[in-house]
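Peer 1: Here you go, sequence then predicted model.
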Amino acid sequence: MKTFLTHRLAPAARLATRLLAVSILAMPFVGGFAHAAGDAIKIERQSWTFGGLNGHFDRAQLQRGFMVYQKVCADCHGLKRIKFRNLSQKGGPEFSEAEIQSLAATFKIQDGPNDAGKMFQRPGKPFDAFPSPFANEQQARASNGGAYPPDLSVIAKGRGVSTNAPVYLEPFLWLKEIVMGYQEGGPDYLYALLTGYVAVPSYAKKGDKLVKLPPGETAPGAVQCASVETVDGKDVCTPLQKGMQYNAAFPGHQIAMVAPLADKRVKYTDGTPPTLENYARDVTAFLAWASDPSLEHRKRLGQQVLIYLLITALLLYLAKRRVWARVEH
Amino acid sequence: MSHQSTYEPKTGIERWMDQRLPIIRMAADFSTFPTPRNLNYMWTFGGILTICLMIQIITGIVLAMHYVPSASEAFDSVERIRRDVNYGWLIRNVHMVGASMFFFAVYLHLFRGLYYGSYRAPREVLWILGVLILLVMIMTAFMGYSLVWGQMSFWAVTVITNLFSSIDSVIPGLGTSIVQWIWGGYSVSGTTLNRLFSLHYLLPFVIAGLVVLHIWALHVPGNNNPTGLDVKSSSDTLPFHPYYTVKDGFAIAVFMLLFMWFVFFAPDYLGHPDNYVEANPLATPPHIVPEWYFLPFYAILRAIPSKLGGVVMMISAIVILAFAPWLDSSLVRSTKYRPIYRWFFWLFVVTCIALGYLGSKPAEGHYVMWARIFTAYYFAHFLLVMPIVGIIETPRSMPRSITESVLGNAAHKSGAGSPSGATAAPEKR
């Protein structure tokens, strides 16, 4: 054991001390960057059942989330990479086959050409993908005041959050996120977005500076700004444009989408309180599944693979010690 | 092969083969290859990198069976692989995370070479082959990233291919012509994607060829070692097998733990969310950043105020590595015995990390100034520190041999070091 300590751990400890010394030396160099980060938007991290190393989806939540998607989001947003059959697959909302059959049948799918060379409409089948609400981007923009509602199939992976930490803390945060298996930046952002429709903040003028007032308060000469930028030491107010909504989480804070969710908008049948927060959480969980349908399988297999590798590594380590015991080293 | 072959064909088939293609002899010589007995775990990355290359090639070939290199289909086909191909999500994650792991290992391998002076005579060709492998790896990884055809893929291709247009400032028109020739048109399009796919499939085999040369060039002078001393007697070495096969094996298993952690628990952590948004030539992402392993070079590119200058410096940052054998004026190889240079070495490591950090930030304000300072040091390290420090510093006292460094002075004198390592040593069980 003593040889193990001196031979194996001492070099590692030496290296660790060196790395620590190097990072302390480097701090004054990099400390200066911390202030340049600007007014990045803070997205609060949520606790999700599907986060972490042992994460799994809550079936009831996915089913509620699908209901919210279907009753609210689907009017404008497509889900083209999801097929009806996916909704009954293991690791998803796991609706029954019969439910999927009848759900699919409520959609009209264009098929063809038939023997007469004509395209025709038929009821949907489980193997069909969700038809998009608009024929093309131009039609979608025309019906949405110029804005394009993106397809939601991979939206939970296509959005993210940044740590916004001072530079000397960032490496520790990265390490923490890697160890915790943090992959929920997208869902955190989506939840913040869906619950981020608040009043446009008011600012009081103080010389060249604009000071944000607490919500609900006003002051003489106060202005409402969607965002404030400092140009040459002077704060410049960007008011909310016509036809846009203020959103606390959206980059630039001006979003074309009208607040999609409100309390009691969708009827829940399982006793879950019909609140904005619950809708936002449930539909986000559903979209997280849609982006990553193999999540549960991945995490379960991952645990098995890591245990297998741990045992392999241990055996190889013992073999290595045995072989190297033949020579002084 | 530098060491005397001890292989003796025993069977008729072996003798027959040995006179025609001595491939069995080669394998036997590999396993008995005299390897310094004092190699530490930093020497395990050669084996780890071989595994990385094999993993990338195997997963890549399977992915290519399902991938469609066209502007309208590429992103969809990646999604199909993730969703509909059996275990497609796993193969894709391994390939995607594998690229990061490959670079992580190659950078550690490279820093190890720099620290212990593995680039110095007589290993210059071995080192230069390594730099060439790094160059081809960079090209391969860049092209592979473009195939996803997400927003970051598309805009990375646009930014990087556009760099060639900087040649216009030397010969007007030439840069633009080269860019259009690369694109196969007047903008980045499906045509560009298709040729990037073709080259992405080709280059890994070029890497494999270079790796063969790299290993050949290793087996002529033999391994360097933490003392930087030459092998002087047979007691300085151990046969590669079983001593280093088992040590490498253990290191590979530990490395795979890290690799698989990312594959299963944080597959997208090292990537950028924007690459899950399909490429759109009409919408530029707010910050175009490359994958983490290119960030130091990206910081150098943006630190230089002139476009052509930035491109030249970025390429020089890799090419300058090839000149290290002739820039280093020290009398000893290993930084272990260099009291002044070791500080500069760690400053160089910090510089590379800092450049990586700066490459991830927008090129504005403080960031630009710091990127310039660190870029200046990056090059000064090779052009000033390496030649000058070697002249002014007095190396620490060194052991007389590799054996002495392992067994200590007394052990050496009393002859306790068994003459030729394992083959002669009685097994202690």
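Peer 2: Yes, it's here. Residues are numbered from 1 along each chain as shown, chains lettered A, B, ... in the order given.
Peer 1: For residue 117, pull up the helix or strand it's in.
Peer 2: Picked chain A for this. Assigned by DSSP states H and E, A:Gly117 falls within no helix or strand.
Peer 1: meant chain B, my bad for not saying
Peer 2: When elements are assigned from DSSP H and E, B:Gly117 belongs to no helix and no strand.
Peer 1: Am I right that it is in contact with B:Thr335?
Peer 2: Yes: shown here, B:Gly117 and B:Thr335 form a contact pair, counting by Cβ atoms under 8 Å, at 6.9 Å. C-betas here are computed from N, CA, C, even on glycine.
Peer 1: Neighbour count for these two, which is higher?
Peer 2: Set side by side, B:Gly117 and B:Thr335 show more neighbours around B:Gly117, with 23 against 20, by other Cβ atoms under 10 Å in any protein chain shown.
Peer 1: and that one, backbone torsions?
Peer 2: phi 70, psi 30 (degrees, to the nearest 10).
Peer 1: got a list of what it touches?
Peer 2: B:Gly117 is in contact with B:224, B:228, B:328, B:330, B:332-335, counting by Cβ atoms under 8 Å, 6 or more residues apart in numbering or on different chains.
Peer 1: same thing with A:Ala226?
Peer 2: Here A:Ala226 is in contact with A:200, A:238-241, A:244, A:246, A:252-254 (criterion: Cβ under 8 Å, 6+ apart).
Peer 1: Distance of it relative to chain B?
Peer 2: Distance of A:Ala226 to chain B, given as Cβ to the nearest Cβ, to the nearest Å: 17 Å.
Peer 1: Let me see the ranges of the strands in the stretch 1-150 of chain A.
Peer 2: A:108-111, A:120-123 (DSSP state E, counting those that start in this stretch).
Peer 1: closest to B:Ala266 out of those?
Peer 2: Smallest distance to B:Ala266 across the strands of the stretch 1-150 of chain A (Cβ to Cβ): 37.8 Å, for strand A:108-111.
Peer 1: What mean pLDDT does that closest one get?
Peer 2: For strand A:108-111, mean pLDDT is 94.
Peer 1: and the residue of chain A nearest chain B?
Peer 2: Here chain A gets closest to chain B at one residue, A:Gly302, 2.6 Å apart by Cβ to the nearest Cβ.
Peer 1: Correct me if wrong: that residue contacts B:Val263.
Peer 2: Yes: between A:Gly302 and B:Val263 a contact is recorded at 7.4 Å, counting by Cβ under 8 Å.
Peer 1: Before we move on, what's the pLDDT of the residue of the stretch 251-400 of chain B at minimum distance from chain A?
Peer 2: Closest approach between the stretch 251-400 of chain B and chain A, counting by Cβ to the nearest Cβ: B:Phe264, at 2.6 Å. Listed pLDDT for B:Phe264 reads 98.
Peer 1: Where does it sit, in terms of helix or strand?
Peer 2: Using DSSP H and E, B:Phe264 maps to helix B:240-265.
Peer 1: which other residues reach the strand or helix carrying B:Pro296?
Peer 2: If you go by DSSP H and E, B:Pro296 is part of helix B:295-303. By Cβ under 8 Å, 6+ apart, the residues outside helix B:295-303 that reach it are B:138, B:163, B:289-290, B:310-311, B:313-314, B:317-318, B:352, B:355-360, B:363, B:368, B:371-372, B:374-375, B:378.
Peer 1: so who does B:Gln180 touch?
Peer 2: Per Cβ under 8 Å, 6+ apart, neighbours of B:Gln180: B:Tyr186.
Peer 1: do the same with the one 10 residues further on
Peer 2: Residues counted as contacts of B:Gly190 (Cβ under 8 Å, 6+ apart) are B:69-72.
Peer 1: cool, B:Ser146 as well?
Peer 2: Neighbouring residues of B:Ser146 by Cβ under 8 Å, 6+ apart: B:153-154, B:156-157, B:193, B:196.
Peer 1: Check A:Leu53 too.
Peer 2: By Cβ under 8 Å, 6+ apart, the contact set of A:Leu53 is A:180-181, A:299, A:302-303, B:265.
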